[in-house]
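Visitor: Predicted model follows, preceded by the sequence.
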Amino acid sequence: MSIDDTFNCPARITLDAKQAAFLDELATQAPSLQSELNCELERGHPGSHAALGQHADDCMWWVHWTLSASEINPYKWCSAQHPDGKAEDDNACVLYDGHPGRHSSAQLYWNEDRAA
Ligand SMILES: [Zn+2]
Ligand SMILES: [Zn+2]
């Protein structure tokens, strides 16, 4: 693995006031909202950038954006588990269900073993 494999995508977004207010109202006991978000996908990923905006129960609201548009949608957690992760708590992928690129956990990107 080269050092580049550990880098997140460098894209950022600053939420506008409406988006921030929307996310703020979703969860009553959420930690204070960040209005500036970093993309959580791997560097060079296909498609739009993505950052977790808010948790509400078992639903996560992910912000997706491109150079021209942004949107906020609800997702479930990605169900992938790192095949040989050592720290039990860090094995689960921290991205959303159906995300592009490799899975991500504990600052590590990995591929799920697939037969096909
Ligand atoms: Zn990105
Ligand atoms: Zn995943």
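Guide: Perfect, I can see it now. Ligands and ions are numbered 1, 2, ... in the order given.

Visitor: mind listing what the helix or strand bottoming out on mean pLDDT in the chain pairs with, with the direction of each?
Guide: The helix or strand of the chain with the poorest confidence is strand 108-110; it has a mean of 78 (mean pLDDT, DSSP states H and E). In the sheet, strand 108-110 lines up against strand 103-105 (antiparallel) (DSSP bridges).

Visitor: Does ligand 2 have contacts with the strand it pairs with?
Guide: Yes. Using C-beta under 5 Å from the ion, strand 103-105 reaches ligand 2 at residue 103. Every C-beta, even on glycine, is put in place using the N, C-alpha and C of the backbone.

Visitor: just to revisit the earlier point, for the least confident helix or strand of the chain, which positions count as buried?
Guide: Buried residues in strand 108-110, counted by 16 or more other C-beta atoms under 10 Å: 109-110.

Visitor: What is the distance between that strand and the centre of its chain?
Guide: Centre-to-centre, strand 108-110 and its host chain are 13 Å apart (C-alpha atoms, centre = their mean, to the nearest Å).
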